[in-house]
Structure formats: C-alpha cells, structure tokens
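In: sharing a model prediction with you, sequence too.
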Amino acid sequence: MKKILSLLFLLSAYIVALAQDVDTTIYKPVEYPDGFTAQIDIVYTQVDGWDGRMDLYLPPKSKVLSPVVINIHGGGWNHGVKESQTGYSTFFKKGFAVANIEYRLTGQATAPAAIEDTRCALIYLIKNAKA
C-alpha cells in the first residue's frame with residue numbers, strides 16, 4: 001500500500017510540474033482609436049522554420065507617410081512575447097503607426113539572432129512603407 005501511495009504521489013507531482021510549463025497566459029488585445037487599422041501577425045522574416053511576426057497598427061490613410069514607432073518587447077532577449085505589449089495610446093494620439101515585433105529568444109537561437117530579427121523587421125518596414 002505504501003508503494004502505491006508513493007507512486008501516486010510521485011505521479012501527481014510529475015503532472016503538476018508538467019502543467020506549470022504550459023503558458024496559458026491570455027493577453028488583452030491592443031485598443032486603438034477609430035480610423036486606425038490593425039494587421040496582426042504579419043510575417044516579416046523566416047529563419048530555419050521560424051516565422052518572425054509583427055503586429056502593425058496604422059493610422060487612417062493620408063497622403064503623407066506616418067512616422068512609425070517600433071516596439072521591441074522587454075525580456076532581456078530571453079523571455080517575453082509581443083502580445084504582452086499594449087500601451088500605445090500616446091503614439092496613436094499623435095498619429096503614429098506602431099510596429100510591435102517579436103524576435104527569437106536566446107533559448108531558440110543564440111546571439112545575435114534577436115538583433116538580426118529586429119533588423120529584418122526594420123528592413124521589412126522600409127521596403128513596405130508605401131503600402
């Protein structure tokens with residue numbers, strides 16, 4: 001009986017440990033003003049099967065190109081996600097576009113991968129500025 005109880009205890013501890021590794025965080029979507037548009041999960045680069053994605057928040061169309069704020073989420077290059085970022089109202093009020101980018105974390109690719117991804121996002125924005 002002791003062996004069965006010990007086995008059940010170990011099994012339940014193992015299941016709890018596995019459950020803690022699953023990220024079930026739900027992030028609040030970005031709120032943007034009327035007239036703005038959102039383009040979510042645009043692929044700006046592909047590297048070894050990984051898709052670099054960005055979310056673009058664009059002001060109403062005008063004849064003049066809008067300045068763009070590029071947001072790079074925090075996390076020291078080793079954790080975090082772009083979806084955790086939502087505080088862009090100051091930029092929206094000034095008519096800025098916002099590009100919220102993701103990058104490969106250090107657990108997925110070693111330095112300077114995150115910097116290269118950020119550079120690729122910038123190049124994508126420059127090449128597609130008129131669109």
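Out: Looks like it came in fine.
In: what are the ranges of the strands in this structure?
Out: 37-47, 50-58, 68-72, 97-101 (DSSP state E).
In: state the pLDDT value of the spatially most central residue of the chain.
Out: In the chain, the residue lying closest to the centroid (CA atoms, centre = their mean) is residue 82, at 2.1 Å. With respect to pLDDT, residue 82 scores 96.
In: again with residue 22
Out: 54.
In: the one 3 residues further on now?
Out: Among the per-residue scores, residue 25 holds a pLDDT of 88.
In: and it, what does it touch?
Out: Residue 25 makes contact with residue 84, according to CB atoms under 8 Å, 6 or more residues apart in numbering. Where C-beta positions appear, they are placed from N, C-alpha and C, glycine not excepted.
In: how near is the residue lying closest to residue 124 once chain neighbours are set aside to residue 123?
Out: Among residues not flanking residue 124 along the chain, residue 44 sits closest, at 3.9 Å (CB to CB, 6 or more residues apart in numbering). In this view, residue 44 and residue 123 are 8 Å apart by CB to CB, to the nearest Å.
In: same check on residue 86?
Out: 25 Å.
In: deepest of the strands of the chain, which one?
Out: Mean neighbour count (mean count of other CB atoms under 10 Å) peaks for strand 97-101 among the strands of the chain, with a mean of 23.
In: so what's the residue count around the nearest residue to the residue nearest to the centre of the chain once chain neighbours are set aside?
Out: Closest residue to residue 82 apart from its sequence neighbours, by CB to CB, 6+ apart: residue 102 at 4.3 Å. Using other CB atoms under 10 Å, residue 102 has 24 other residues around it.
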